[in-house]
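In: let's see this in three dimensions:
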Amino acid sequence: KPICTPNALSEIRRHFSQPEGLLMLGGYLSIYWMSGCMPDSYYSYSGYIRWSHVFYQLAIQDGIQYIIHRGEHMIPMIYKNTHAAHHIHTTPMLYDAFDGSVLDTGLMILLPLLITSRFVNANIWSYMTFGTIYANMLTLIHSKEDHPWDPYARTMGIGTAEDHRVHHKTFKWNYGHIFTYWDRICDTYLEY
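Out: So this is what the prediction gives:
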């Protein structure tokens, strides 16, 4: 089955033309970095990847994003003006990860990134590793397919595409994006 069908190419163009992805996230990262406003440790090339820093960044980012995501769903006026645009996808696919609204991306992705950078004094290697894992997870959980590593991820409390599909179908469960920890702690986790 060919991968580059006309429909797939159209979806790829749509994905890269959404301001929430490359423009907003790329702009945030570029401006925050080039302005010199990041904590000093983020400009350090010495050392190596500190996996504890990567985990802390993922956990804090996901915790803040969980709170904002759940809050958006709980307050109808905010939901309507921020996150509802993303929920037009009841069966999300990879290209839908950054499809939503500018305000939603600012609240649910950029604000937590900014706050997280102030809590963990990571070096550049740990920050780039965190960013790579985070961006890929946001995309992978929006897959309409299960992944072969999902059973292993699930045992470690890592969210899967199926967990996120439950969220897109019900709108009231599985608010986490990286982990299921926050959903389990707050009793908002629903296994499919």
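In: residues of the longest helix anywhere in the chain that come out buried?
Out: Criterion DSSP state H: the longest helix present in the chain is helix 51-74. Within helix 51-74, the residues scored as buried using 16 or more other CB atoms under 10 Å are 53-54, 56-66, 68-73. Where C-beta positions appear, they are placed from N, C-alpha and C, glycine not excepted.
In: where's residue 150 relative to residue 101, distance?
Out: Taking CB to CB, to the nearest Å as the measure, residue 150 and residue 101 are separated by 29 Å.
In: again but with residue 142, I slipped
Out: Distance of residue 142 to residue 101, given as CB to CB: 16 Å.
In: and those two? Which one has more around it.
Out: Set side by side, residue 142 and residue 101 show more neighbours around residue 142, with 23 against 17, by other CB atoms under 10 Å.
In: now the most centrally placed residue in the chain: closest residue in space that isn't a chain neighbour?
Out: Central residue of the chain (CA atoms, centre = their mean): residue 138, 3.8 Å from the mean position. Distances taken as CB to CB, 6 or more residues apart in numbering place residue 97 nearest to residue 138, at 5.0 Å, with adjacent residues excluded.
In: please look at the one you found and residue 136 and confirm they touch.
Out: No. Taking CB atoms under 8 Å as the contact criterion, residue 97 and residue 136 are not neighbours in contact, 9.7 Å apart.
In: and the two? Which one has more around it.
Out: residue 97 (25 against 11).
In: if I pick that one, what's in contact with it?
Out: With contacts defined as CB atoms under 8 Å, 6 or more residues apart in numbering, residue 97 is in contact with 21, 138, 139, 141, 142.
In: export those to CSV and tack on secondary structure and distance to residue 108?
Out: Putting the contacts of residue 97 into CSV (DSSP: H, G, I helix; E, B strand; the rest coil; distance: CB to CB, whole Å) gives the following:
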residue, secondary structure, distance to residue 108
21, helix, 13
138, helix, 10
139, helix, 15
141, coil, 13
142, coil, 14
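In: closest one of the residues you listed to residue 87?
Out: Within the contacts of residue 97, distances to residue 87 taken as CB to CB reach their minimum at residue 142, with 11.9 Å.
In: how much space separates that closest one from residue 115?
Out: Looking at residue 142 against residue 115, where the rule is CB to CB, the gap reads 23 Å.
In: how about the helices in this protein?
Out: Under DSSP H, the chain gives helices at 6-17, 27-34, 51-74, 76-81, 102-105, 111-119, 124-140, 150-155, 161-170, 181-185.
In: TSV for those helices, including distance to residue 41?
Out: TSV is the format used below for the helices of the chain (distance: least, CB to CB, whole Å):
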stretch	distance to residue 41
helix 6-17	32
helix 27-34	13
helix 51-74	9
helix 76-81	34
helix 102-105	26
helix 111-119	10
helix 124-140	9
helix 150-155	29
helix 161-170	32
helix 181-185	25
